[in-house]
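**Q** Sequence and predicted model, in that order:
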Amino acid sequence: MPEAIKRKINDSPVARWTVLVIVATAMMMGYLLNDIMSPLETMLELPVEQGGLGWSSTDYGFFSGSGGLINVFLLMLFFSGLILDKMGVRFTGVLSCSLMLIGVGIKYYAITNPALIGQIFNFQFSILNLNVSLPMSAAVASLGFAIFGVGYEMCGITVSKAMVRWFTGHELALAMGIQLAMARLGTAMALSVSAPLARHFTLSTPVLVGLVCLLIGLVSFLVFCVLDIRLDKDEKNLNAQSTILNEEESFRLSDIGLILKNPGFWLITLFVVLFYSAVSPFLKFAAKLMIEKYSVAPDVAGFFTSIAPFGTMLMTPLFGSLYDKYGRGVTLIIIGTAMLTFVHFGFSLPVHASAFAIFLMVVLSVGYSLTPAALWPIVPKIIPMKCLGTAYSLIFFIQNFGRAIIPMFVGRANETDPTYTTGMQIFACTGLAGVLVAVAMLWLDKKKGYGLEKPNIER
């Protein structure tokens, strides 16, 4: 390899870890806004005269699932991957942060505009054969959340590609673990501070604070753009031999077929759909679950639900480092998903002790750390590097089907079964299906020789 290749800016540990902190900060702010209204469900369902918006559980369930509607039914996440591959990390990152800002602005307008109170919005969701009737505030907030969701998912695939771009040949798995940990910090912050802010100020205060945080995320990504331009300049200084190599490895639209023909890709994608459908939507309903089933005070219910994301902040990088050194990636995935399934079955039991709820959330935090720490580093072992950005976008695109649909069914289930038994059983069965898919992934690895059980660090 020519000496010039070894002198790019990302060969400096200071430079690449600075880039990690910068882009992960932008992603963390997105995660903060994604869950900023999750602890507010009980307040949103209060009558208007008591400071709420008069939503029902079904209204909140539709709002929670609306973040994936444009991504799923208008194929926007798929196009986001194409935009990323064609326009690059910098353009796509700025676009994603801007879309998140617009979406949160619409959401803030929806919950602060008194003119929307008392109005009803009716429409037919023909794709799912649903006739939906929502308070106007919920409908406008859902529109804002759907636009936010486009930027949120676009930001996710952009940050993933940025990590591969800057950390290939270096500490990629550890970097991804730290990136996930910072994202979980955003979720934990949202679950912890949202309800106290709303109770001590107004219902819209958490969203306003989140809007300011998103501005910080946009500014941080602009700083990353300056460093990434420097990396481009370094790559242009490579000799003719390396330039030919880069052209051969460049992405083409025909490469999509290579991804779709790969059975490992489909198993990973199906697993991602099931696993995250059993985690992300659950956290949106968890605060109300703690209040109504386990008699937790509303001000601390968010703290209970934040146990899982706070735990992942420490454990995800640790488990990622263990996978780097010792391997057993799919085994870690199976263990983590089995723990998740156990947790949801536990929440469906007729046990109402708050200590039991804390125990289940601690177990969830371990499973929520184990699985992602091993999951995302195995994708480059199955998908060629030149297709990786598009592969991530396709995975996230298909994942949104679960994230859009599961909250709607759980919201209706909680309304008809206020004991939460049915809703938690839906989550538990989703997790159990994920375990079975992970077992099939282990079988395929032995057949195809992907090396998913091997350490990432070559000895």
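**A** Arrived safely. Numbering: from 1, shown residues only.
**Q** Can you report how many residues lie near Pro350?
**A** By the measure other C-beta atoms under 10 Å, the count of residues near Pro350 is 7. Where C-beta positions appear, they are placed from N, C-alpha and C, glycine not excepted.
**Q** so who does Phe224 touch?
**A** Val19, Ile22, Val23, Ala26, Arg90, Gly93, Ala162 (C-beta atoms under 8 Å, 6 or more residues apart in numbering).
**Q** The same query, at a cut-off of 7 Å, please.
**A** Phe224 sits next to Val19, Ile22, Val23 when contact means C-beta atoms under 7 Å, 6 or more residues apart in numbering.
**Q** Now go through those residues and say which are in strands.
**A** Counting by DSSP state E, none of the members of the contacts of Phe224 fall within strands.
**Q** contact partners of stretch 360-378?
**A** In contact with stretch 360-378 (C-beta under 7 Å, 6+ apart) are residues 172-173, 176-177, 180, 275, 279, 304, 307-308, 311-312, 315-316, 319-320, 323, 329, 332-333, 335-337, 339-340, 342-343, 346-347, 452, 456.
**Q** So which of those residues sit within helices?
**A** 172-173, 176-177, 180, 275, 304, 307-308, 311-312, 315-316, 319-320, 323, 329, 332-333, 335-337, 339-340, 342-343, 346-347 (DSSP state H).
**Q** The contacts of Phe224 in helices, which ones?
**A** Val19, Ile22, Val23.
**Q** Could you identify which of these has the most neighbours?
**A** That'd be Val23 among those, by other C-beta under 10 Å, with 28 neighbours.
**Q** so that residue makes contact with Ala162?
**A** Yes: contact criterion C-beta atoms under 7 Å: Val23 and Ala162 qualify, at 5.2 Å.
**Q** ok, which stretches of the stretch 351-459 of the chain are helices?
**A** 354-382, 388-416, 421-448 (DSSP state H, counting those that start in this stretch).
**Q** For Val72, find the nearest of those helices.
**A** helix 388-416 (4.5 Å; C-beta to C-beta).
**Q** Now do that closest one, average pLDDT.
**A** Average pLDDT, helix 388-416: 80.
**Q** Buried ones in it, by neighbour count?
**A** 388-400, 402-408, 410-414 (16 or more other C-beta atoms under 10 Å).
**Q** Please apply the same query to stretch 207-220.
**A** So stretch 207-220, judged by 16+ other C-beta under 10 Å, has buried residues Val207, Leu208, Val209, Gly210, Leu211, Cys213, Leu214, Gly217, Leu218, Ser220.
**Q** Format these as JSON lines; extra columns: secondary structure, pLDDT and distance to Lys284.
**A** Formatted as JSON lines, the entries for those read as follows, by DSSP: H, G, I helix; E, B strand; the rest coil; pLDDT from 0 to 100; distance: C-beta to C-beta, whole Å:
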{"residue": "Val207", "secondary structure": "helix", "pLDDT": "92", "distance to Lys284": "15"}
{"residue": "Leu208", "secondary structure": "helix", "pLDDT": "93", "distance to Lys284": "20"}
{"residue": "Val209", "secondary structure": "helix", "pLDDT": "92", "distance to Lys284": "19"}
{"residue": "Gly210", "secondary structure": "helix", "pLDDT": "90", "distance to Lys284": "15"}
{"residue": "Leu211", "secondary structure": "helix", "pLDDT": "92", "distance to Lys284": "20"}
{"residue": "Cys213", "secondary structure": "helix", "pLDDT": "91", "distance to Lys284": "19"}
{"residue": "Leu214", "secondary structure": "helix", "pLDDT": "92", "distance to Lys284": "19"}
{"residue": "Gly217", "secondary structure": "helix", "pLDDT": "90", "distance to Lys284": "21"}
{"residue": "Leu218", "secondary structure": "helix", "pLDDT": "92", "distance to Lys284": "25"}
{"residue": "Ser220", "secondary structure": "helix", "pLDDT": "89", "distance to Lys284": "26"}
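**Q** Tell me the spacing between the residue nearest to Thr42 when sequence neighbours are not counted and Pro196.
**A** Take Thr42 and drop its neighbours on the chain: the residue closest to it by C-beta to C-beta, 6 or more residues apart in numbering is Lys288, 5.5 Å away. Distance of Lys288 to Pro196, given as C-beta to C-beta, to the nearest Å: 16 Å.
**Q** higher neighbour count, these two?
**A** The neighbour count for Lys288 versus Pro196, taken as other C-beta under 10 Å, is higher for Lys288 (22 against 17).
**Q** Let's verify the more buried one: helix, strand, or coil?
**A** helix (DSSP: H, G, I helix; E, B strand; the rest coil).
**Q** wait, doesn't it sit right on Leu44?
**A** No: in this structure, Lys288 is not within contact of Leu44 by C-beta under 7 Å, at 10.0 Å.
**Q** Please pull up the helix or strand immediately following the lowest-mean-pLDDT helix or strand in the chain.
**A** One helix or strand of the chain scores below all others by mean pLDDT, DSSP states H and E: helix 240-248, with a mean of 44. Toward the C-terminus, helix 240-248 is succeeded by helix 255-260 as the next helix or strand (DSSP states H and E).
**Q** What residues of that following helix count as buried?
**A** Buried residues in helix 255-260 (16+ other C-beta under 10 Å): Asp255, Ile256, Leu258, Ile259.
**Q** Just give me how far it sits from the chain centre.
**A** Put simply, helix 255-260 sits 24 Å off its chain's centre (C-alpha atoms, centre = their mean, to the nearest Å).
**Q** just for the stretch 151-300 of the chain, where's the confidence low?
**A** 169, 235, 238-251 (pLDDT under 70).
**Q** how does it look with 80?
**A** 164, 167-173, 184, 188, 191, 232, 234-255, 284, 295, 297-300 (pLDDT under 80).
**Q** end-to-end on stretch 53-71?
**A** 27 Å (C-alpha to C-alpha, to the nearest Å).
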